[in-house]
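Q: mind looking at a prediction? Sequence and model below.
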Amino acid sequence: MKALVFAAGMGTRLRPLTDRLPKALVPVAGVPLLERVIRKLAAAGFDDITVNVHHLGDQIIDFLRAHRDFGLRIHISDERDRLMDTGGGIRHARRWLDGNEPFLVHNADILTDADLSRLWADHEASGAEATLLVARRQTSRYFLMDGDMRLHGWVNKKTGETRPAGLQGTFDEWAFQGLHVISPSLFRRMDAPQWDGPFSIIDFYLHVCADARIQGSPIRATHWFDTGTPDTLARAEAWYSAHP
């Protein structure tokens with residue numbers, strides 16, 4: 001089973017901690033974020049993992065080598081010369097992700113006990129081209145999905161912006177949880193010139209969802225942390241210290 005871990009982020013919200021340490025190697029209860037994610041993936045049966053790198057990428061490569069890739073097949077998608085954003089990062093790693101089976105995408109700064117096997121199974125059962133882990137949580141930006149959990153748009157509650165503009169209908173609002181399963185068939189939709197270079201995977205999903213089935217999967221988890229800010233990192237530190 002294949003997975004891509006986003007570990008290329010600058011971690012600007014965690015400065016000065018990330019001035020000398022890549023965000024993916026920030027420790028939570030003594031264990032680097034990347035290690036926690038990789039071990040979770042391995043426990044769920046993922047044995048072929050691609051890790052993208054940019055900011056202080058040498059440290060991540062050295063970390064993986066020092067741990068002998070945790071006994072897995074690990075590839076480095078090198079973005080040290082140019083940060084490709086989330087969508088461009090997936091496209092950039094295509095050589096390792098393309099094929100006949102889906103792959104999971106996991107942000108290195110997301111810690112959760114969400115059932116990855118169930119997310120995978122939901123994707124395979126639905127025939128969707130991408131299945132996004134979503135939840136009912138308070139945030140400022142939401143995916144807009146119909147009763148069948150198919151993606152139709154997006155809304156920013158702070159600015160009032162809706163995409164696509166003029167979207168009509170009644171939809172449920174779901175927050176994205178930073179994990180998704182993608183079928184390689186989606187790569188053919190990235191071949192258009194507009195996707196040549198850095199781009200957001202969210203922008204891409206919103207562009208193709210009228211034709212491609214992009215769906216949500218509301219799998220419950222006992223804990224979920226986006227550790228990208230000092231406050232949420234501290235909360236994750238407290239939780240994992242209490243639940244070693």
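A: Nice, I can see it.
Q: when you work out contacts or count neighbours from here on, use the C-alpha atoms and nothing else.
A: Fine.
Q: and T50, what does it touch?
A: Going by Cα atoms under 8 Å, 6 or more residues apart in numbering, T50 touches 2-5, 74-77, 93, 96.
Q: what of H223?
A: 111-114.
Q: mind running it again at 6 Å?
A: Contacts for H223 (Cα atoms under 6 Å, 6 or more residues apart in numbering) come out as T112.
Q: what's the mean pLDDT across the helix or strand containing F63?
A: Here F63, judged by DSSP states H and E, is contained in helix 57-66. Within the predicted structure, the mean pLDDT of helix 57-66 is 97.
Q: after that helix, next one along is what?
A: strand 73-78.
Q: that following strand - which strands sit beside it in the sheet, and in what orientation?
A: Using DSSP bridges, the strands paired with strand 73-78 in its sheet are strand 48-53 (parallel).
Q: nearest spatial neighbour of A130, skipping sequence neighbours?
A: Using Cα to Cα, 6 or more residues apart in numbering and skipping the chain neighbours, the partner closest in space to A130 is I182 (4.3 Å).
Q: partners of the helix-or-strand element of the chain with minimal mean pLDDT, with directions?
A: The least trusted helix or strand in the chain, going by mean pLDDT, DSSP states H and E, turns out to be strand 162-163, with a mean of 90. Partners of strand 162-163 in the sheet, by DSSP bridges, are strand 151-156 (antiparallel).
Q: chain center to the partner strand, what's the gap?
A: Here strand 151-156 shows a centroid-to-chain-centroid distance of 18 Å under the convention Cα atoms, centre = their mean, to the nearest Å.
Q: any buried residues in it, and which?
A: Residues of strand 151-156 classed as buried by neighbour count (16 or more other Cα atoms under 10 Å): 151-155.
Q: I'd like the average pLDDT over that strand.
A: Taken as a whole, strand 151-156 has a mean pLDDT of 95.
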